[in-house]
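In: quick one: sequence and predicted model below, then my questions.
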Amino acid sequence: ENITATPTPEVTLAPKKKKKGLLIGGILATALVLAAGTFLTACGSKGTTYPSQKHYSQGGSSSSTTQATQESTSATTDNTSSAAVDDKNALFHCGLVPAKANGKWGYIDKTGQFVIEPQFDYVDRFSDNGLALAATKVVGRLGYIDTEGNYAIDPQFHYAEPFTSNGLALVGIGDDNGGEASLRYGFIDKNGNYVVDLRLNYARSFTGFGLAAVCVDGKWGYIDEMGSYVIEPQLDDAGDFANNGLAAVRYSDKKYGYIDGTGKCVITPQFDDANKFADNGLAAVKVDGKYGYIDKEGNYAIASQFDVAFSFNDGAAVVAVDSKYGVIDESGNYLITPQYERGDIGFSCVSGRIWFTENLFDFGYLDKSGNEVIPVQFTYASYFYTDGYAGVGIGGIDGKCGIIDTDGNYLVEPQFDDIGYRDD
């Protein structure tokens, strides 16, 4: 089935103008954006689960459940995992991973030794520039630390994201008692200087395509790395650009289509739901209650037939039919026939592994063909990361967490209260 790729409706391009950065002094960094959001750590559900996925500072810890709580495949939700080992989907960044002991977070190396002693109430991954989000309840704001644990950008933000590959980080500041609605967003560089000032109602981090989706007065558009509009705010929803240069957007008729980086509509708005294109060039879309997968030309590569469909990773995607979950390949053939209840199998296959459970309390791992390659034995189990490691826990709610490889061998023996990251 071919989906007509017409240029209507057109998205208005921003007028050409001189690009200049908005620099506003040195910054004190980010508040306990302690994400009002569901956090997914490498180890498991030993912390606080927040009500949304935004990083609004209300205090708490950074961990949550291993079982994904979100099944949306809309433009605003990226269920893909890049194959790059040095990206945000690796467990170790700058050779470090967060670990929790005695109620505080620090960072360990691959030997399991603390390089940064436990002292924070919230931490996140290190970015390529060697900075990571961190915060304490006493200060109540998020800041950015270096690999020695010292603040490089002092805490002051109510909202913050990790730095992206272009060296910019999304931050937000609001009223202490004003709630999430009071936040205004901007972007800073590694020195804490504003490149885009706090003028946005909401925004998403930059992608590798060099554009960031931003919201002003209820409409979405895209800015470049200097803060200039490339596509003026006029959309009801706007997703991240994928590596193929397309982004899912929603128009006022409530239908999703896809645009390119110039704002041209290349796949006509017709979908009830649309996901970001995965690295294999396929995107899950929904029409009349069923999901299928299209290519960048808008042709169906896999016909609409699924009740739930997640993005491809490692050549496999998790789908559901009649409330049973399984795994398909890029041709739509079943690698694992639908047989698992929701919550009994992970929603993404990374490094050739996907977690499963037989009783909601004991976890193991399958390969893409459904073979049990790491036997059920863990109380907690994360997805595998792109560098081939996963966080696991044994011993129940008071147990300990460690790190295993794809063969199930321990890299770091269980000894920590928690290990890992919030769900990016």
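Out: It's in.
In: which stretches of the stretch 301-424 of the chain form strands?
Out: Using DSSP state E, counting those that start in this stretch, the strands of the stretch 301-424 of the chain run over 308-309, 317-321, 324-328, 334-340, 354-357, 363-366, 372-378, 380-381, 389-394, 400-405, 410-416, 418-419.
In: and these as JSON lines, adding mean neighbour count and distance to V139?
Out: From N, CA and C alone the C-beta is placed, and that goes for glycine too. Listed next are the strands of the stretch 301-424 of the chain as JSON lines, based on neighbours: other CB atoms under 10 Å; distance: least, CB to CB, whole Å:
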{"stretch": "strand 308-309", "mean neighbour count": "23", "distance to V139": "41"}
{"stretch": "strand 317-321", "mean neighbour count": "24", "distance to V139": "40"}
{"stretch": "strand 324-328", "mean neighbour count": "22", "distance to V139": "42"}
{"stretch": "strand 334-340", "mean neighbour count": "17", "distance to V139": "43"}
{"stretch": "strand 354-357", "mean neighbour count": "23", "distance to V139": "35"}
{"stretch": "strand 363-366", "mean neighbour count": "24", "distance to V139": "36"}
{"stretch": "strand 372-378", "mean neighbour count": "17", "distance to V139": "35"}
{"stretch": "strand 380-381", "mean neighbour count": "29", "distance to V139": "29"}
{"stretch": "strand 389-394", "mean neighbour count": "26", "distance to V139": "27"}
{"stretch": "strand 400-405", "mean neighbour count": "23", "distance to V139": "26"}
{"stretch": "strand 410-416", "mean neighbour count": "18", "distance to V139": "24"}
{"stretch": "strand 418-419", "mean neighbour count": "29", "distance to V139": "21"}
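In: Throw those into a markdown table and include mean pLDDT and distance to Y258, thanks.
Out: Output for the strands of the stretch 301-424 of the chain, formatted as a markdown table (pLDDT from 0 to 100; distance: least, CB to CB, whole Å):
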| stretch | mean pLDDT | distance to Y258 |
| --- | --- | --- |
| strand 308-309 | 98 | 16 |
| strand 317-321 | 98 | 18 |
| strand 324-328 | 97 | 22 |
| strand 334-340 | 97 | 27 |
| strand 354-357 | 96 | 28 |
| strand 363-366 | 97 | 32 |
| strand 372-378 | 97 | 37 |
| strand 380-381 | 92 | 35 |
| strand 389-394 | 96 | 33 |
| strand 400-405 | 98 | 38 |
| strand 410-416 | 97 | 40 |
| strand 418-419 | 95 | 37 |
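In: reformat these as TSV; add distance to N193.
Out: TSV is the format used below for those (distance: least, CB to CB, whole Å):
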stretch	distance to N193
strand 308-309	42
strand 317-321	41
strand 324-328	46
strand 334-340	48
strand 354-357	41
strand 363-366	44
strand 372-378	44
strand 380-381	40
strand 389-394	35
strand 400-405	36
strand 410-416	36
strand 418-419	33
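In: and these: which comes nearest F114?
Out: strand 410-416 (9.6 Å; CB to CB).
In: centre of the chain to the closest one, how far?
Out: Distance of strand 410-416 from its chain centroid, counting by CA atoms, centre = their mean, to the nearest Å, is 25 Å.
In: list the buried residues in the helix or strand hosting I267.
Out: I267 belongs to strand 265-271 when elements are defined using DSSP states H and E. For strand 265-271, the neighbour count (16 or more other CB atoms under 10 Å) marks C265, V266, I267, T268, P269, F271 as buried.
In: now the two most distant members of those residues.
Out: V266 and F271 (13.4 Å).
In: what's the closest of the strands of the stretch 301-424 of the chain to G210?
Out: Nearest of the strands of the stretch 301-424 of the chain (CB to CB): strand 317-321, 27.1 Å.
In: partner strands of that closest one and their direction?
Out: strand 308-309 (antiparallel), strand 324-328 (antiparallel) (DSSP bridges).
In: who touches the last one?
Out: So that's strand 324-328. For strand 324-328, contacts defined as CB atoms under 8 Å, 6 or more residues apart in numbering pick out 302, 308, 316-320, 334-342, 344-345, 349, 354, 368, 370.
In: if we use 10 Å, what do you get?
Out: Strand 324-328 is contacted by residues 293, 302, 305-310, 312, 315-320, 334-349, 354, 356, 366-370 when judged by CB atoms under 10 Å, 6 or more residues apart in numbering.
In: can you check the first one too?
Out: Under the criterion CB under 10 Å, 6+ apart, residues 71-73, 79, 273, 275, 283-286, 290-293, 302, 317-321, 323, 325, 328, 342, 347 lie in contact with strand 308-309.
In: the host helix or strand of V230 - contacts with which helices or strands?
Out: Using DSSP H and E, V230 maps to strand 229-235. In terms of contacts (3 or more CB pairs under 10 Å, 6 or more residues apart in numbering; DSSP states H and E), strand 229-235 is packed against strand 212-216, strand 219-223, strand 247-250.
In: out of those, which one sits most buried?
Out: Ranked by mean neighbour count under mean count of other CB atoms under 10 Å, the helices and strands packed on strand 229-235 are led by strand 247-250, which reaches a mean of 26.
In: just checking, what packs against that one?
Out: Here strand 247-250 is seen to pack against strand 219-223, strand 229-235, strand 237-238, strand 256-259, strand 265-271, strand 273-274 when contacts are counted using 3+ CB pairs under 10 Å, 6+ apart.
In: could you give me the average pLDDT of that strand?
Out: Averaging pLDDT along strand 247-250 yields 97.
In: and it, which strands flank it?
Out: Its sheet considered, strand 247-250 pairs with strand 237-238 (antiparallel), strand 256-259 (antiparallel) by DSSP bridges.
In: out of the ones you listed, which gets nearest to N193?
Out: With CB to CB, the closest approach to N193 among the strands paired with strand 247-250 belongs to strand 237-238: 26.2 Å.
In: for the closest one, give the mean pLDDT please.
Out: The average pLDDT within strand 237-238 is 96.
In: ok, now how distant is the closest residue to D175 other than its chain neighbours from H158?
Out: Nearest non-adjacent residue to D175, counting by CB to CB, 6 or more residues apart in numbering: S182, 4.2 Å away. Taking CB to CB, to the nearest Å as the measure, S182 falls 8 Å from H158.
In: between those two, which has more neighbouring residues?
Out: For S182 versus H158, neighbours defined as other CB atoms under 10 Å are more numerous around H158 (28 against 14).
In: thinking again about what came up before, mutual contacts of S182 and H158, please.
Out: Residues touching both S182 and H158 by CB under 10 Å, 6+ apart: Y56, G172, I173, G174, D175, D176.
In: is V97 in a bridge, and if so with what?
Out: Note on V97: beta-bridge partners by DSSP bridges are I108.
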